[in-house]
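> after the sequence you'll find the predicted model.
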Amino acid sequence: MLLISKVETFYGNIQALRGVDVKVNSGEIVTLIGSNGAGKSTLLMTISGVNKASTGEILFDDQHIENLPPHEIVNLGISQVPEGRRIFSRLSVEDNLRLGASAYDKGKNFDTDVKDVYDLFPVLKDRLNQRGGTLSGGEQQMLAIGRAMMARPKMLLLDEPSLGIAPKLVNQIFIAIKNINKQKKVTIFLVEQNAKKALELADRGYVLVNGNVTLEGTGQDLLKNKDIQAAYLEGGGKK
Amino acid sequence: MDTAYFLQQLINGVTLGSVYGLIAIGYTMVYGIIGMINFAHGDIFMVGAFIALISFILFALTSIALPIVLLLTLLIAMVFTACYGWTVEKLAYKPLRKSFRLAPLISALGMSIVLQNYVQAAQGARIKTLQPVIQGGFTFMEDTGFTVSLSYLQIFIILVTIVLMAVFTLLITKTALGRAQRACEQDRTMTALMGINVDRTISITFIIGSSLASVAGMMFVMYYGVIDFYIGFLAGIKAFTAAVLGGIGSIPGAMLGGLLIGLIEVFWSGYISIEYKDIAAFTVLVVVLIFYPTGFLGKPDIEKV
């Protein structure tokens, strides 16, 4: 479904991605783990077209998307829940969700689609008229995921959905991600520092170090890998 | 006589404030969406005034009824001026969007000079006059020794302004376009990730701002009957002051600021000294900014967590 090959991305003179190859099949949950500054968010922003790849190809459903502007990529069916959630804090929860629906059919199916979001995150229904900025961190993350789902994506890119959120809510969010994948048949590409949780959930995983993919395998294989245990699970990573 | 005199100043102030308010919206919207002061906006207003003037002169040769002439001139001014605003954005600002912050500002000053010189070259440097299009009005309080007059033209200006501002407020608060604009104000990258064409949203912002300025231009030429290629400078600076006074980035603030600047200017002229009326508006701005640094209705720029 998504095929990334030899992608290099620069910020000015600094090279953030050094020839990344990643493949995500339809229906999968694929995770990308790595430490701070490895280039994980850069890769997601490059897929979404916010950062431009200087070389390499990105194919989505066999169509080249590496030179498309961000809004066209969303309209093809790739939605992103970015790092730090980036909800529109001065707009109401409803406006946030309506903005999410802009991509699909210009929001004509808002009333039916929003029910699916309430099923995932019932708390949002009670917060509809509140400003986005008044929600708690966990609720903001739910809103960010719900907002992305309003576009009826074929594929969801999630950047650190567990960052800065109470552990209880993290579980709820991971369950929601699983439901989105299993029930809504949305392919998931999940970037996480919480490597254990991500690998437990994922069908397959990639490890990104300094802009290079150094390891790949099934979620279970990577969980058992000695190097990963040392680098991301026991020592450096959050359990 | 005192009450009558006061009332007259109030009527004149609200009329002038309507014109400033319509221009100020353009400044505040563009600032809100791309964080830039569009210094060419005053000259867009001037272009709007010229287009309205030309349209009136051409219609004067025909025998079309006055209400239709007013409506057509309004539409012609809005459409043509919007084209100018759109072109300025495409030529001078869009290529600089990823550049350093000062670049589009300098480019805007350049476009201001370009527009002034273009109109000077195309229309001549001498003042242009327009015969009164709408005449007559109401007079009252004659027995006090000072006759208060409320002209039909003033009623027309105030009514058109109220209608446009109401339509415009609905547009911003209730439609998908307005929602996209408010989203762009906060986070342009995220707005693009919603599947919204940010460049197009910015273009539409310039189109709306320019067409409102053209209406102000039309009011100006009808009210004063005299324009030249340089009117955009002072009117633009005052409308910008109005936008800052109300709180730049805030649309109700721009309307309020416009009204206040209009009233301050007229009352200062009426009670203190007509020579120093331009200084009055700017002095008030300085004083207000000392106590309300973000203007009356501006939001303090709190970083979101």
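Noted; the coordinates are in hand. Numbering: from 1, shown residues only, chains lettered A, B, ... in the order given.
> which residue does the stretch 151-300 of chain B have closest to chain A?
Relative to chain A, the nearest point of the stretch 151-300 of chain B is B:Gly195 (2.7 Å; Cβ to the nearest Cβ). Placement of C-beta: from N, CA and C, glycine included.
> for the helix or strand where B:Leu72 lies, C-alpha coordinates in CSV please.
Secondary structure from DSSP states H and E places B:Leu72 in helix B:66-88. Taking Å, rounded to 0.1, in the frame of the first residue of the first chain, the C-alpha atoms of helix B:66-88 are listed here in CSV:
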residue,chain,number,x,y,z
LEU,B,66,-29.6,55.4,-9.3
PRO,B,67,-30.1,52.3,-7.1
ILE,B,68,-29.0,50.1,-9.9
VAL,B,69,-26.0,52.3,-10.6
LEU,B,70,-25.0,52.1,-6.9
LEU,B,71,-25.3,48.3,-6.8
LEU,B,72,-23.5,47.8,-10.1
THR,B,73,-20.7,50.2,-9.1
LEU,B,74,-20.4,48.3,-5.8
LEU,B,75,-20.0,45.0,-7.6
ILE,B,76,-17.7,46.4,-10.3
ALA,B,77,-15.4,47.9,-7.6
MET,B,78,-15.4,44.8,-5.5
VAL,B,79,-14.6,42.4,-8.4
PHE,B,80,-11.9,44.6,-10.1
THR,B,81,-10.2,45.5,-6.8
ALA,B,82,-10.3,41.9,-5.7
CYS,B,83,-8.3,41.1,-8.8
TYR,B,84,-5.7,43.7,-7.8
GLY,B,85,-5.5,42.3,-4.3
TRP,B,86,-5.2,38.7,-5.6
THR,B,87,-2.5,39.7,-8.1
VAL,B,88,-0.4,41.6,-5.5
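> can you name the element that comes right after that helix?
Using DSSP H and E, the helix or strand that follows helix B:66-88 in sequence is helix B:102-123.
> CA atoms of the longest helix that chain A contains as CSV?
Longest helix in chain A, counting residues (DSSP state H): helix A:167-183. C-alpha atoms of helix A:167-183 as CSV (Å, rounded to 0.1, in the frame of the first residue of the first chain):
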residue,chain,number,x,y,z
PRO,A,167,-0.8,5.6,31.5
LYS,A,168,-4.5,4.7,31.9
LEU,A,169,-5.3,6.9,28.9
VAL,A,170,-2.4,5.5,26.9
ASN,A,171,-4.0,2.0,27.2
GLN,A,172,-7.3,3.4,26.0
ILE,A,173,-5.7,5.1,23.0
PHE,A,174,-3.8,1.9,22.0
ILE,A,175,-7.1,0.0,22.2
ALA,A,176,-8.7,2.6,20.0
ILE,A,177,-5.8,2.3,17.5
LYS,A,178,-6.3,-1.5,17.4
ASN,A,179,-10.1,-1.0,16.8
ILE,A,180,-9.5,1.5,14.0
ASN,A,181,-7.3,-1.1,12.3
LYS,A,182,-9.5,-4.2,12.9
GLN,A,183,-13.0,-2.7,12.6
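> just checking, next helix/strand downstream of it?
Next element after helix A:167-183 (DSSP H and E): strand A:187-192.
> could you give the mean pLDDT of whichever helix or strand comes after that next one?
The element immediately downstream of strand A:187-192 (helix or strand, assigned by DSSP H and E) is helix A:195-201. Taken as a whole, helix A:195-201 has a mean pLDDT of 91.
> repeat that for stretch B:193-208.
For stretch B:193-208, mean pLDDT rounds to 95.
> list the contacts of it.
If you take Cβ atoms under 8 Å, 6 or more residues apart in numbering or on different chains as the criterion, stretch B:193-208 is touched by A:48, A:50, A:69-71, A:74-75, A:79-80, A:82, A:99-100, A:102-104, A:147, A:151, B:26, B:29-30, B:33-34, B:38, B:82, B:85-86, B:88-90, B:94, B:168, B:171, B:177, B:180-181, B:183-184, B:188, B:191-192.
> mind checking which of the residues you listed are buried?
A:48, A:50, A:70-71, A:74-75, A:79-80, A:82, A:99-100, A:102-104, A:147, A:151, B:26, B:29-30, B:33-34, B:38, B:82, B:85, B:88-89, B:94, B:168, B:177, B:180-181, B:183-184, B:188, B:191-192 (16 or more other Cβ atoms under 10 Å in any protein chain shown).
> now the strands for chain B?
Along chain B, the stretches classed as strands by DSSP state E are B:128-129, B:137-140, B:148-151, B:226-227.
> list the buried residues for the third one?
If you call a residue buried by 16+ other Cβ under 10 Å, then strand B:148-151 has these buried ones: B:148, B:150-151.
> up against chain B, what does chain A have?
A:48, A:50, A:69-71, A:74-75, A:79-80, A:82, A:86, A:88-91, A:95, A:98-100, A:102-104, A:106-107, A:133, A:137, A:147, A:151 (Cβ under 8 Å from any Cβ of the partner chain).
> so where's chain B shaky on pLDDT?
B:1, B:300-305 (pLDDT under 70).
> residues from it in reach of chain A?
Counting by Cβ under 8 Å from any Cβ, the residues of chain B close to chain A are B:176, B:179-180, B:182-183, B:186-187, B:189-198, B:299, B:304-305.
> just give me the neighbour total for the nearest residue to B:Leu115 once chain neighbours are set aside.
Excluding the flanking residues, the one nearest B:Leu115 by Cβ to Cβ, 6 or more residues apart in numbering or on different chains is B:Asp43, at 3.9 Å. Counted with other Cβ atoms under 10 Å in any protein chain shown, the neighbours of B:Asp43 add up to 30.
> OK, contacts around B:Asp43?
Contacts of B:Asp43 by Cβ under 8 Å, 6+ apart are B:111-112, B:115-116, B:119, B:232-233, B:236.
> identify the residues contacting residue 135.
I'll assume chain A. Listed by Cβ under 8 Å, 6+ apart, the contact partners of A:Leu135 are A:87, A:93, A:127, A:143.
> actually it's chain B I care about, not the one you picked
The contact partners of B:Gln135, by Cβ under 8 Å, 6+ apart, come to B:151-153.
> pLDDT weak spots in chain A?
Chain A contains residues with pLDDT under 70 at A:234-239.
> now do the helices in it.
Counting by DSSP H, the helices of chain A are A:40-47, A:70-76, A:93-100, A:110-120, A:123-126, A:137-149, A:167-183, A:195-201, A:219-224, A:226-228.
> do chain B as well
With DSSP H as the criterion, chain B has helices spanning B:2-34, B:41-60, B:66-88, B:102-123, B:152-174, B:176-186, B:188-192, B:198-224, B:231-246, B:251-271, B:277-291.
> indicate which one of those helices is closest to A:Gly39.
Minimum separation from A:Gly39 across these (Cβ to Cβ) falls at helix B:188-192, 17.7 Å.
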